[in-house]
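Participant: After the sequence you'll find the predicted model.
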Amino acid sequence: MSSPSPIDPAASSRSRALQLLGIFSGLTAGAWLGAAEAPTKLVTLGLSPMVISLVMVAGVFLARWSLPALILGAGSIRADARRAPHLILWAILAGCLWAVANTLTVYAIRDIGLSIAFPLWNSNSLLGILWGFLFFNELRSAGVRRWFGVVGGTLVMCVGAAILAIASSGAHAPGSSPTRGVLGALGAGALWGTMYIPYRKAYLSGMNPLSFVTFFTIGELGMMSALSFATLGRQELFAELSARRDVVFWLMLGGFIWVIGDLFQQYAAKYVGISRGIPLSNTNQLWGLLWGVLVFGELHGRHAITYAEVIGGSLLMIFGVGTIAFSSASQQENAQWRAAAQRETARYGLASDFVEARLDGRQAVGESAPSRGLLDWVFVALATAVFVYFATFARVPDLPLDRTPAIFLSMATLILLAACGVRLRRTTGFQ
């Protein structure tokens, strides 16, 4: 019998560094994804959920084209598209799924509130674990302890979600149909969980996350526009946009903030897999709870039992997320991930050395360094001009909110952005 091949210390150290980076990225994603949903509270002003979602997606579109251009440059994005053109279709499909799911979350927030809806749609982590195992060899050869950590954490999350669902049915939420709100949040979770299949497929093929999201947004904007026109009609849609242009800036800003969180989520999915990356980014439910309760006072005046159910259910879900997150991939499981990458490489005729380099978070031999040209600065300038234009019409919405916790939560998200961004740049150069 042949002896097992020795583990390369340098490769093992690199693997641990990337996993820690993935964990940090997932936690940072949670903070920014949580903050991004706060502007959807504008639904309480009578705005149509379709209008809210469409305007947010417009902000998402601007961010997804300007941020990658600013960080890497359009040349790197075009190079990725030439290497793996099949991934463009997968990215557009994922964007379509996201648009429908995001619309469902707006309905859910209207009917059951932000602090309760968040944990329910975070059931997408359950699907992420399933798809990661079935399609991408995640958790294979992981060992009993890691399996127990992931499965046990999932069960704890289910219990937490059930408690929150019970709380929503008796909490006198803002909307008139708590059942519809629960179903909307769970439906969003199902769509978002499935959306991660193209994510993982792209990163096992070597595509840069910044390139993937650029094509992703085509599906987002296209699907959201189709839903809005089909549901409201052109006349009603433009009439509502014109009448409430004073809040367009805030909704677009919410979309922009969401993109920042999603970019970190993409790196988490790349470096720790979707079975772990999704639960990590789903710490946004805790941030959503903080924004909903501390800033918007969602549970003000509710019965103590409701507070106990919402807080207890959230803590259970966070505990489950932590259990999953710290069941880190072993060397044996990493080997299974690379086997899945080799399968994608062979299926689509990709360059194996390029895919291997991207899996390690580095540039391939002979690959041009990212650079920015005139076109990239045009993208950035146009996006900035659009935001400045709508900011001239903006006014602070007449909503009950506490500015002090809002300032502290905003500062915390900015600190995470700076710290994780620097670590991403130093470790991988945003590869």
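Facilitator: Now that the structure is in, tell me what you want to look at.
Participant: Pull the number of nearby residues for Leu221.
Facilitator: Per other C-beta atoms under 10 Å, the neighbour tally for Leu221 reads 18. Every C-beta, even on glycine, is put in place using the N, C-alpha and C of the backbone.
Participant: so how far is Leu359 from it?
Facilitator: Leu221 is 30 Å from Leu359, where distance means C-beta to C-beta, to the nearest Å.
Participant: got it, and Asn137?
Facilitator: 13 Å.
Participant: ok, now Glu333?
Facilitator: The value you get for Glu333 to Leu359, if C-beta to C-beta is used, is 14 Å.
Participant: again, but for Gly292
Facilitator: Using C-beta to C-beta, we find Gly292 at a distance of 38 Å from Leu359.
Participant: More neighbours: those two, which one.
Facilitator: Applying other C-beta under 10 Å to Gly292 and Leu359 shows that Gly292 carries more neighbours, namely 24 against 21.
Participant: who touches both of Asn137 and Leu359?
Facilitator: Trp337 (C-beta atoms under 8 Å, 6 or more residues apart in numbering).
Participant: For Thr40, give me the pLDDT.
Facilitator: According to the prediction, Thr40 has pLDDT 64.
Participant: again with Ala99
Facilitator: Reported pLDDT for Ala99: 85.
Participant: so who does it touch?
Facilitator: When contacts are counted by C-beta under 8 Å, 6+ apart, Ala99 touches Ser53, Val57, Gly219, Glu220, Leu221, Met223, Met224, Leu227.
Participant: what about the last one, which SS state?
Facilitator: Secondary structure, DSSP: H, G, I helix; E, B strand; the rest coil: Leu227 is helix.
Participant: what sits against it?
Facilitator: Met50, Ser53, Leu54, Ala99, Val100, Thr103.
Participant: Show me the two of these that sit farthest apart.
Facilitator: Spatial extent of the contacts of Leu227 (C-beta to C-beta) is set by the pair Leu54 and Val100 at 12.4 Å.
Participant: Tell me which of those two has more neighbours.
Facilitator: Taking other C-beta under 10 Å, Leu54 and Val100 do not tie; Leu54 has more neighbours (26 against 18).
Participant: any idea which element the spatially most central residue of the chain lies in?
Facilitator: By C-alpha atoms, centre = their mean, the chain has its centre lying nearest to Asp262, at 3.8 Å. Using DSSP states H and E, Asp262 maps to helix 248-272.
Participant: For the helix or strand following that helix, the averaged confidence score.
Facilitator: For helix 248-272, the following helix or strand on the C-terminal side (DSSP H and E) is helix 274-281. When pLDDT is averaged along helix 274-281, the result is 83.
Participant: and helix 274-281 with helix 248-272, angle?
Facilitator: Interaxial angle, helix 274-281 versus helix 248-272 (axes from the mean of the first three to the mean of the last three C-alpha atoms, to 10 degrees): 140 degrees.
Participant: Can you point out the buried residues in helix 274-281?
Facilitator: Using 16 or more other C-beta atoms under 10 Å as the test for burial, helix 274-281 gives Ile274, Ser275, Arg276, Gly277, Ile278, Pro279, Leu280, Ser281.
Participant: which residues does the third one contact?
Facilitator: With contacts defined as C-beta under 8 Å, 6+ apart, Arg276 is in contact with Gly22, Gly26, Glu138, Val150, Ala268, Ile324, Ala325, Ser327, Ser328, Ala329.
Participant: quick one: it from Trp98, how far?
Facilitator: Distance, Arg276 to Trp98, using C-beta to C-beta: 20 Å.
Participant: same thing with Gly143?
Facilitator: Taking C-beta to C-beta, one finds Gly143 at 34 Å from Trp98.
Participant: which one of these two has more residues nearby?
Facilitator: Under the neighbour definition other C-beta under 10 Å, Gly143 and Trp98 were set side by side, and Trp98 has more, 24 against 13.
Participant: got the angle between the strand or helix carrying the more buried one and helix 248-272?
Facilitator: Following DSSP H and E, one finds Trp98 within helix 86-112. Computed with the same axes, to 10 degrees, the direction of helix 86-112 lies at 120 degrees from that of helix 248-272.
Participant: buried set for helix 86-112?
Facilitator: Applying a neighbour-count criterion of 16+ other C-beta under 10 Å, one finds 87-88, 90-112 buried in helix 86-112.
Participant: Let me see the ranges of the helices in the stretch 301-431 of the chain.
Facilitator: 304-325, 331-348, 352-359, 374-391, 403-428 (DSSP state H, counting those that start in this stretch).
Participant: How far away from the center of its chain is stretch 294-312?
Facilitator: 26 Å (C-alpha atoms, centre = their mean, to the nearest Å).
Participant: Correction: the previous question concerned stretch 102-117.
Facilitator: That offset, for stretch 102-117, works out to 16 Å (C-alpha atoms, centre = their mean).
Participant: In the stretch 1-150 of the chain, where is pLDDT below threshold?
Facilitator: Within the stretch 1-150 of the chain, the set of residues satisfying pLDDT under 70 comprises 1-11, 39-46, 114-115, 118-119.
Participant: do the same with the stretch 201-350 of the chain
Facilitator: Looking at the stretch 201-350 of the chain by pLDDT under 70, you get 299-301.
Participant: list the helices and strands the helix holding Asp262 packs on?
Facilitator: helix 9-36, helix 49-71, helix 178-204, helix 209-232, helix 274-281, helix 374-391, helix 403-428 (3 or more C-beta pairs under 8 Å, 6 or more residues apart in numbering; DSSP states H and E).
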